[in-house]
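> Provided below are the primary sequence and the corresponding predicted coordinates.
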Amino acid sequence: MIQGQPRLSESVIGARGRDSHNPGRFHTQQTTGFSMDVKDKVIVVTGAGRGLGRGIAKMLASKGAKVACVDLNEADLAETVQVCKDAGGDGQAFIANVAKEDDVEKLFADVVSELGGLHGVVNNAGITRDGLLVKAKDGQITKMPLQQWQAVIDVNLTGVFLCAREAAAKMIELGVDEGVIVNISSLARQGSFGQSNYSAAKSGVAALAEVWAKELARYNIRTGAVAPGTINTDMIAAMKAEARDRLVSAVPLKRIGEPEHIAMSVLFIFENSYFTGRCIDTDGGLR
C-alpha cells in the first residue's frame, strides 16, 4: 500500500463477477486463489488438427480440461482427439471454418450444447500465403494479389475476431466465474520479410488481446497472446537440413522450440489469474 492512500476494502479488492440471474448486473466476489484450475473447464482450440494446435489441445487435456478441437480436416481432428484421450483428458472434434461467421456462431452454440459450458478459447487457426508486396525483375513489376492478402487476413485476423466475439458472448451469457481468450500471434508481428499479410494479422491479434483485456475485465474475462518463434512443426520438419540449420543458428538457445513450449505459455495465461492483456514471446531469445 502506498503511504497516504486509503486502504481498499476486501469487497473492492475482490474480482468483479457477474450476477448470473441478471446479465446486466455486476457484483464483487472475493478472489479465492491465485490460480485458475482448468480441470473440467470447456476450452475451444482452433486449428487443433496438427502442429501447435494439437500441442495446445494435448496440454490442456492433460490438465483435465474438456477440449473442443476445431479444424477443417476431419482425419487430423480424429488424431488430435485420440492424442487428448491418450494424455488422460477429454477431446471432441468440431468442424468449422473460422473465417465464416455462420460457422463460428454454430460452433460455439454446439460446444456449449454438447460439452455443457464454455470457459475459454485459444485462437490458433492460421494460414500463410507468403509473397513480396511488389517485385521488380527484368523490367516487370509483380504485385501481391489482393486475394493473397485477403485469404490470410480472413483466417488469421477476422477468424480470431469472430471466435473471440462469440466466445465472450457465450461466457457472459453463461455467467462464468472466470473466462480466458488467448490469441496465437507470432514474432512476425514485428515485421517478417515476404509476409505483409501474415505480419499484419499477427500484429493485429496481439493488439486485440490488449483491447479485449480492457473491454472484458468487467465480466472477469482475461485475455492474452503468445508469439512463437521457430517451432518444430510440419513446415520446419519438411525443410532441407541446411535451411533448418540456418534457422537454428539464429536462435540464442541454438535449438528450435516444440509445440509443447507454446502450449506451456498458453497454460500459464489460463492458470495465472492476474495475467491479462499481454503477449508472451516464446522464442528461445530470438527477438
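Structure's in. What do you need? Please read all numbers here as calculations on a predicted model, not as lab measurements.
> for the stretch 51-200 of the chain, just list every one of the helices.
Taking DSSP state H, counting those that start in this stretch as the test, the helices found in the stretch 51-200 of the chain are 51-62, 74-86, 101-115, 146-153, 159-174, 196-216.
> which helices and strands does the fifth one pack with?
With contacts defined as 3 or more Cβ pairs under 8 Å, 6 or more residues apart in numbering; DSSP states H and E, the packing partners of helix 159-174 are strand 42-46, helix 101-115, strand 120-123, strand 179-184, helix 196-216, strand 221-228. C-beta: built from backbone N, CA, C; applies to glycine.
> just to revisit the earlier point, would a markdown table of the helices of the stretch 51-200 of the chain with mean pLDDT, distance to V248 and mean neighbour count be doable?
Output for those, formatted as a markdown table (pLDDT from 0 to 100; distance: least, Cβ to Cβ, whole Å; neighbours: other Cβ atoms under 10 Å):
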| stretch | mean pLDDT | distance to V248 | mean neighbour count |
| --- | --- | --- | --- |
| helix 51-62 | 97 | 18 | 26 |
| helix 74-86 | 97 | 26 | 17 |
| helix 101-115 | 98 | 37 | 17 |
| helix 146-153 | 97 | 26 | 15 |
| helix 159-174 | 98 | 29 | 21 |
| helix 196-216 | 97 | 21 | 20 |
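> picking that back up, for R129, find the nearest of the helices and strands packed on helix 159-174.
Closest to R129 of those is helix 196-216 (Cβ to Cβ; 6.3 Å).
> kindly calculate the angle that the closest one makes with helix 146-153.
Following axes from the mean of the first three to the mean of the last three Cα atoms, to 10 degrees, one obtains 40 degrees for the angle between helix 196-216 and helix 146-153.
> got the angle for helix 196-216 vs helix 159-174?
Angle, helix 196-216 to helix 159-174, by the same axes, to 10 degrees: 20 degrees.
> and the angle from helix 196-216 to strand 179-184?
Interaxial angle, helix 196-216 versus strand 179-184 (the same axes, to 10 degrees): 160 degrees.
> take helix 196-216, keep the C-alpha atoms, and write them as CSV.
This file holds the C-alpha atoms of helix 196-216, laid out as CSV (Å, rounded to 0.1, in the frame of the first residue of the first chain):
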residue,chain,number,x,y,z
SER,A,196,2.9,-8.4,-45.3
ASN,A,197,-0.4,-10.3,-44.8
TYR,A,198,0.8,-12.6,-42.1
SER,A,199,2.7,-9.9,-40.2
ALA,A,200,-0.3,-7.5,-40.3
ALA,A,201,-2.6,-10.2,-39.0
LYS,A,202,-0.3,-11.4,-36.2
SER,A,203,0.3,-7.8,-35.1
GLY,A,204,-3.4,-7.3,-35.1
VAL,A,205,-4.3,-10.3,-32.8
ALA,A,206,-1.7,-9.1,-30.3
ALA,A,207,-3.3,-5.7,-30.2
LEU,A,208,-6.7,-7.2,-29.9
ALA,A,209,-5.6,-9.1,-26.8
GLU,A,210,-4.8,-5.7,-25.2
VAL,A,211,-8.1,-4.1,-26.3
TRP,A,212,-10.2,-7.0,-25.1
ALA,A,213,-8.4,-7.1,-21.7
LYS,A,214,-9.8,-3.6,-21.1
GLU,A,215,-13.2,-4.2,-22.5
LEU,A,216,-13.9,-7.6,-20.9
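> that one packs against which elements?
The contact analysis (3+ Cβ pairs under 8 Å, 6+ apart) places helix 196-216 against helix 146-153, helix 159-174, strand 179-184, strand 221-228, strand 278-282.
> of those, which is nearest N97?
helix 159-174 (8.2 Å).
> chain center to that closest one: distance?
13 Å (Cα atoms, centre = their mean, to the nearest Å).
> please apply the same query to stretch 149-165.
12 Å.
> residues making contact with it?
By Cβ atoms under 8 Å, 6 or more residues apart in numbering, the list of residues contacting stretch 149-165 from outside reads 44, 46, 98-99, 101, 104, 107-108, 121, 123, 125-129, 181, 183, 196-198, 200-202, 204-205, 208, 212.
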